[in-house]
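**Student:** I'd like to go over a predicted model; first the sequence, then the structure.
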Number of protein chains: 4
Amino acid sequence: MLGIGVIGYGYWGPNLVRNFSQAQGARVVAVCDQRAEQRAKVERVYPAIKTYADVDEMLRDPAVDAVAVATPVHTHFPLTLKILQAGKHAFVEKPLTSTVAEAEQLLEEAERRGLTLMVDHTFIYTSAVRKIKELLTNGSLGTLYYYDSVRVNLGLFQSDVNVLWDLAVHDLSIMEYLVEQEPVMVAATGMAHVPGRPENMAYLTCFFDDNLIAHFHVNWMAPVKVRQTLIGGSEKMIVFDDMELSEKIKVYDKGIIVSEDEAEIYQRHVGYRTGDMWAPRIDNVEALQIEANHFVECIATRQRPLSSGESGLRVVRILEAASRSMAQHGQPIKL
Amino acid sequence: MLGIGVIGYGYWGPNLVRNFSQAQGARVVAVCDQRAEQRAKVERVYPAIKTYADVDEMLRDPAVDAVAVATPVHTHFPLTLKILQAGKHAFVEKPLTSTVAEAEQLLEEAERRGLTLMVDHTFIYTSAVRKIKELLTNGSLGTLYYYDSVRVNLGLFQSDVNVLWDLAVHDLSIMEYLVEQEPVMVAATGMAHVPGRPENMAYLTCFFDDNLIAHFHVNWMAPVKVRQTLIGGSEKMIVFDDMELSEKIKVYDKGIIVSEDEAEIYQRHVGYRTGDMWAPRIDNVEALQIEANHFVECIATRQRPLSSGESGLRVVRILEAASRSMAQHGQPIKL
Amino acid sequence: MLGIGVIGYGYWGPNLVRNFSQAQGARVVAVCDQRAEQRAKVERVYPAIKTYADVDEMLRDPAVDAVAVATPVHTHFPLTLKILQAGKHAFVEKPLTSTVAEAEQLLEEAERRGLTLMVDHTFIYTSAVRKIKELLTNGSLGTLYYYDSVRVNLGLFQSDVNVLWDLAVHDLSIMEYLVEQEPVMVAATGMAHVPGRPENMAYLTCFFDDNLIAHFHVNWMAPVKVRQTLIGGSEKMIVFDDMELSEKIKVYDKGIIVSEDEAEIYQRHVGYRTGDMWAPRIDNVEALQIEANHFVECIATRQRPLSSGESGLRVVRILEAASRSMAQHGQPIKL
Amino acid sequence: MLGIGVIGYGYWGPNLVRNFSQAQGARVVAVCDQRAEQRAKVERVYPAIKTYADVDEMLRDPAVDAVAVATPVHTHFPLTLKILQAGKHAFVEKPLTSTVAEAEQLLEEAERRGLTLMVDHTFIYTSAVRKIKELLTNGSLGTLYYYDSVRVNLGLFQSDVNVLWDLAVHDLSIMEYLVEQEPVMVAATGMAHVPGRPENMAYLTCFFDDNLIAHFHVNWMAPVKVRQTLIGGSEKMIVFDDMELSEKIKVYDKGIIVSEDEAEIYQRHVGYRTGDMWAPRIDNVEALQIEANHFVECIATRQRPLSSGESGLRVVRILEAASRSMAQHGQPIKL
């Protein structure tokens, strides 16, 4: 039975405690939070779980084999480093760290100690994203042309990170999982509308080695909530709308036809093709439950997680470069 | 009675002939098209209109006082120059020309000869865009924060211009009219997926002197047709969805609240505010009819058109710079 | 070449003239309208067509082989009777007549004289309805359980007929074509909200010999325009939404499972099954063009039209009984 | 402190326990369920609550002042009668009882003993329905013309009641609250598609003294989930779509204009009027929490609940008559 500790019992922590409590072969043994009123909540609902105000103290608890971190971004690195140095496996909220250098140090530490380091890229464990992965893997879409996502709403402003680190991180983790190709260059633009705060809206383009292109639009100050991704291939195209209650994924049998006809070549040799639409059934399972089980199983079998530290690093690498590009009004930055 | 000639009787020309035929104080006297079968169509429906195969010949017709140009982009400049040099007023399809230099020459020519030069920015004459203009003018939105538009669908590829010149030109002409502020810098990215053809999808950011930002997403290869614009202000925000049959414009009483409270300043001093939504009634009138009347009236009263040659030039200036930025992967270009 | 005359050049007449003008093997030779200004419109656009103020005069024109009737409902019967008695084929707007007795007399007259009598049930010639017919014919839906349609909007009130005769007639003609089964009983309720006017909203249920049930909701006083039909079968279900620009038809692989398990029989032996959704591609052709060609072909080949006089009669039979039931607050009426 | 007991810990019971636990001035002291595994669930989450397998035993517990009943419909009457006879207040799931006679007996019993009898018409405590009530009360809609609701989806079939008692009960309780007028006659049609089971789809019309009309469409076997109500008034009309995440209520400034003009009287003296649409902001509060507090307060202040036993009786009266009408294919039944 794997003993799990959770650091941070704010917005996301309770979800981690609940899901790890139900994971096969694991139980939550400890929760750490500096705030007494948060610890009290844990004690009320889960009398069997030990609570700590101090991280170091919790890390000395021999019942704790692995630790999940659900704290603000800038604390991910120092906490996770401590966890690994204490010889415990780590499950870290996204983004993995605030910088590439930090992420690389954590990966190295985990590698050297033979510990599992997993980042909580929750979306890649959803039924919808897994279904899209299946369609991409079996080649249904043909050559991949573009990946375009929009994630906007009226949201609480983060004080320590810009909107890319808060919202685009979701889409980058999904793209990273689906596309299996690393961008070679990024260009980002954005704007801060509240004095003294980071950018609250941003547009990010990722370039790849071939003519695949990806774009991310994120905004904390939009009047409507949009969660929409278009994925264009030479054979089929997908619209993934996460605000739809059913039919989250629509697969369009549409595309272009490049004419080989010599006669037409000078006028309009690109036509279009339009066919049926198909919306595959999506199971309704809680992604975090699947992910919690996956973490426990990866530790047991020494298997690399789907959302490994490496995935976390790749996403942070894009975010870091994108923030740099955004500060220079879209100046392209090589990765 | 103003005599109007139309050059080009392809996709758009018939709309011009029909609308100018119905305009107050004007009548269509001539249509010019190189293709005999297109001229035959005119003759069948409008026996009273004279048809020409040759532009110069039509320009010598003294019944022609003003000429509308509905031909491919690269012909706009030479044709319009001829029209003005023949002492006739010109109404030109968008984009006005292929380069800034050409547009400037046309403006100068029209200015020197005291002729009216108008560009067919049709959208600014629609009831929806005029209603938004009204809301912006009366200050309902507060300080303008952003302008974000998406215009994507599966469309026939143009052979001579990239997707910005074909699709973004609509949104730039709308923004130009609504915002009344010129961007100072642009950054654009895009991709061509058909060998030997221009870019079929593009993302364009416009920066302004203050912290207003505008973004345009255009794509000829999208599975769904989207025509959506978000306009964010400090007091209210607008969603303009041109695919909606009714309720094209939704005005959201939403925004952010920056707390002045010292105590809160370190945690979450930006909250959000959410109120009612309101969809004003939009009249159902044909924009081109209004525009045709406006052209005739501007000639009669020597008034400057809403979509003047200057507007046309401003849009071409952005398009030219955007294309340059796109060729350099988003490198920002000052205007 | 079949010579066609059209009676009534108001709202629908021009569509008939245009489409019969383009039909294979036919030409429009005459148009009859009492109103001089309507005849003038015809003369302007179609100088080759003869116009008449008097129906009898037009019927004496030997160039007229068949006549299309696009006049108010109560005139359908006397006009069509005259047409048939003059030995000419008839194409009549829906509903065919105001009463069953009238419809029967027209059928008899056409039968005896060997003339084609067709009713303009336009919707059954649309690509969408034909696609649904294909799905029903190939058995995809399994046993048919229900047909449910809603056709509501804010519309101009008719003075001579209630809303069933104006709106439900569309849906009854579609159902009549799709289901190929005649209802045995109807029950209808409705209400008139304007003093001295017929019912402006109504609900109609049709019962069949088996446990198929159909329902129609029509309303001239709804704030939104809805054109939606649900068709439920034991294997699949269809949602037909005619307000959708694309994806008008959605086929759901959903249904119920009746458990045979003895143990479960007392608790919840009906479960449900949910699978993929599929939206077949719909061609974009003008239904009236197909219908006009069909009329001409039926006359030439002495074939019975899809929307035959018999179909027209069956729809009128339901409407007549439904109006009677509505006057008695839903009292069921046997057909 | 009011001591509350809950009977039935199946689907809805846990919601009652959670909400009454948080209600002001009350605490849940007992839960009764025959199933040991359900009692075990209570004991795990709420160690302070006493559990009972036997209702009579729980009713003898002096700590229990009021009892909430969340059991199958046919048990509501005997259980609630026992509760009242034990001198305790009762909160009963909808529908209140299976027959009018039973409901009347419960009302009489509660009345005689001075006990509070409340039925759980949850929807009338939602922010959306309360906002509509506000609009109706302040006269915004003008004269009420119609109430039309659709509640369909693919749902588990009930074994003991037809779909009216399961789904239409929600809409009838909403209408009962909003309209404050009792129907005088009903007519209903429906069909059972599973042998040996009650009707799984139904259409119900309610007639009132004036020309208000109400209609309810309910279906357990629809491919899509619809929760939509249209409310038409002479001045304004409402669309209430409970599947919308935001903008649940849309108020349309639309209607008809009856012309007084003598000249027009014979042609088209009814025109239509169309104005803005407005979607009021809806608070996001849990209806059951408000309702639980209301029950506790009504007991304390001896005030009649909004969803009183009388409301419950009125709804059962409609359901009983509707079932009777449905068995006779729409035969109207006077109330």
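**Tutor:** Cool, got the structure. Residues are numbered from 1 along each chain as shown, chains lettered A, B, ... in the order given.

**Student:** count of neighbours near A:Asp61?
**Tutor:** Residues within reach of A:Asp61, counting by other C-beta atoms under 10 Å in any protein chain shown, total 17. The C-beta positions use only the backbone N, C-alpha and C, and glycine is treated the same way.

**Student:** how about the closest residue to it other than its chain neighbours, what does it touch?
**Tutor:** Excluding the flanking residues, the one nearest A:Asp61 by C-beta to C-beta, 6 or more residues apart in numbering or on different chains is A:Ala30, at 5.7 Å. Listed by C-beta atoms under 8 Å, 6 or more residues apart in numbering or on different chains, the contact set of A:Ala30 reads A:Gly3, A:Ile4, A:Gly5, A:Val6, A:Ile49, A:Lys50, A:Thr51, A:Tyr52, A:Met58, A:Asp61, A:Ala63, A:Val64.

**Student:** wait, which of these is closest to chain B?
**Tutor:** Nearest to chain B out of the contacts of A:Ala30 is A:Val6 (C-beta to the nearest C-beta; 21.9 Å).

**Student:** so when I look at the closest one, I'm seeing a strand, right?
**Tutor:** Yes. Under DSSP: H, G, I helix; E, B strand; the rest coil, A:Val6 sits within a strand.

**Student:** what residues are bridge-paired with it?
**Tutor:** In this entry, A:Val6 is beta-bridged to A:Val31, A:Ala68, by DSSP bridges.

**Student:** show the model's pLDDT score for the residue nearest to A:Asp61.
**Tutor:** pLDDT recorded at A:Ala30 is 98.

**Student:** export the contacts of A:Ala30 to CSV and tack on secondary structure?
**Tutor:** Output for the contacts of A:Ala30, formatted as CSV (three-state DSSP):
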residue, secondary structure
A:Gly3, strand
A:Ile4, strand
A:Gly5, strand
A:Val6, strand
A:Ile49, coil
A:Lys50, strand
A:Thr51, strand
A:Tyr52, strand
A:Met58, helix
A:Asp61, coil
A:Ala63, coil
A:Val64, coil
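
**Student:** filter these down to the buried ones.
**Tutor:** Listed as buried from the contacts of A:Ala30 are A:Gly3, A:Ile4, A:Gly5, A:Val6, A:Ile49, A:Lys50, A:Thr51, A:Tyr52, A:Met58, A:Asp61, A:Val64; burial here means 16 or more other C-beta atoms under 10 Å in any protein chain shown.

**Student:** contacts only, for the fifth one.
**Tutor:** Yep, that's A:Ile49 we're talking about. A:Val17, A:Val28, A:Val29, A:Ala30, A:Val31, A:Val42, A:Glu43.

**Student:** next, the contact list for the last one, please.
**Tutor:** Shown here is A:Glu43, whose contacts under the criterion C-beta under 8 Å, 6+ apart are A:Ile49, A:Thr51.

**Student:** where along chain A do the helices fall?
**Tutor:** Assigned by DSSP state H, the helices in chain A fall at A:13-22, A:36-45, A:55-60, A:76-85, A:100-113, A:127-137, A:163, A:169-179, A:287-301, A:309-327.

**Student:** please produce a markdown table containing those helices, extended by mean pLDDT and distance to D:Asp160.
**Tutor:** As requested, the helices of chain A are exported to a markdown table (pLDDT from 0 to 100; distance: least, C-beta to C-beta, whole Å):
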| stretch | mean pLDDT | distance to D:Asp160 |
| --- | --- | --- |
| helix A:13-22 | 95 | 34 |
| helix A:36-45 | 92 | 36 |
| helix A:55-60 | 97 | 53 |
| helix A:76-85 | 98 | 55 |
| helix A:100-113 | 98 | 58 |
| helix A:127-137 | 96 | 34 |
| helix A:163 | 96 | 53 |
| helix A:169-179 | 97 | 46 |
| helix A:287-301 | 97 | 34 |
| helix A:309-327 | 98 | 52 |
